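Undergrad: Provide a 3D model corresponding to the input given below.
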Amino acid sequence: MQIFGVDIGGSGIKGAPVDLDKGDLAQERCKVLTPQPATPDGVAEGVRQVVEHFGWKGPVGLTFPGVVTGGATIRTAANVDKSWVDTDARVLFGERLGGLPVTAVNDADAAGVAEMHFGAGRDRRGTVVLLTFGTGIGSAVFTDGRLVANTELGHLELDGHEAEKRASSKAKDDHELTWEQWARRVQKYLAHVEMLFSPELFIIGGGVSRKAHKFLPLIEGVRAEIVPAQLQNNAGIVGAAMRAAELR
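TA: Residues are numbered from 1 along each chain as shown. All right, here's what the predicted structure looks like:
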């Protein structure tokens, strides 16, 4: 079965049909830049371009970089325009996509669900924490495979700042950090999350997961196992499609 997944990020909007039997993209993904400012109308237009690129006419699952409740209502908007708060994503995107059925889910939760089902977290019990490092830091927490939704651990305080302002991959670029310097910040953040949740496994996702070999070996003093996401930056697309399929 195929369902369309779209991953809305602070810098890009990417999507593709997903083969839910294989847990992989059925076609090469299409990506457009996230408009600045990232208003609901601007982002909806970007999503329309991505979906119409494939001529898709079925259900669409969307991720959003913030708290999403009930598969539709946006509650927070840290890295996009504040006008998103209280927006009904199902109505907004459904209208822009010509009435197609739409479901929205937190971006890191979507990536985590995909990794737990098809990737690095498959068959893992106990507490697993997926963290996506990108424009911000997203999180997905699982206990014996069950998701604790909308945790948003990127907003924990680290060195007097929100953690994602110090340890996201955007922070690495903005502060022109070396891999070694950035790894020390990530290590400190992981140690803080470990103190709070005592996970058996950390899964590191987001675009930077493609370069995990450059920083994961530099992280020390964290007791939990740390592995890169297997689905890498496609995890959000796959997870969004999985969520849409559940609610068909």
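Undergrad: And G46, what's its pLDDT?
TA: pLDDT recorded at G46 is 98.
Undergrad: strand partners of the helix or strand of the chain with the lowest mean pLDDT, parallel vs antiparallel please.
TA: The helix or strand of the chain with the lowest confidence, counting by mean pLDDT, DSSP states H and E, is strand 157-158 at a mean of 91. Paired neighbours of strand 157-158 in the sheet (DSSP bridges): strand 161-162 (antiparallel).
Undergrad: can you list contacts of the partner strand?
TA: G154, H155, L156 (C-beta atoms under 8 Å, 6 or more residues apart in numbering). Quick note: C-beta positions are derived from backbone N, CA and C, even for glycine.
Undergrad: Pipe these into TSV and attach distance to I8 per row.
TA: Converted to TSV, those look like this (distance: C-beta to C-beta, whole Å):
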residue	distance to I8
G154	16
H155	18
L156	23
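Undergrad: What's the mean pLDDT across the longest helix that the chain contains?
TA: Counting residues, the longest helix found in the chain (DSSP state H) is helix 179-197. The pLDDT scores in helix 179-197 average 98.
Undergrad: what packs against that helix?
TA: On a contact count with 3 or more C-beta pairs under 8 Å, 6 or more residues apart in numbering; DSSP states H and E, helix 179-197 meets strand 127-133, strand 137-143, strand 157-158, helix 163-167, helix 169-174, strand 201-205.
Undergrad: returning to what we had before: mind putting the contacts of strand 161-162 in JSON lines, neighbour count included?
TA: Below are those laid out as JSON lines (neighbours: other C-beta atoms under 10 Å):
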{"residue": "G154", "neighbour count": "26"}
{"residue": "H155", "neighbour count": "16"}
{"residue": "L156", "neighbour count": "16"}
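Undergrad: Report the secondary structure element holding the nearest residue to L216 once chain neighbours are set aside.
TA: Ranked by C-beta to C-beta, 6 or more residues apart in numbering and with sequence neighbours excluded, the top spatial neighbour of L216 is I226, at 5.9 Å. Per DSSP states H and E: I226 is located in strand 225-228.
Undergrad: now V47
TA: helix 40-53.
Undergrad: Next, the angle from the helix or strand just after that helix to strand 137-143.
TA: For helix 40-53, the succeeding helix or strand toward the C-terminus, using DSSP H and E, is strand 60-64. Relative orientation of strand 60-64 versus strand 137-143 (axes from the mean of the first three to the mean of the last three C-alpha atoms, to 10 degrees): 110 degrees.
Undergrad: Can you name the next helix or strand after strand 60-64?
TA: Downstream of strand 60-64, the next assigned helix or strand under DSSP H and E is strand 68-69.
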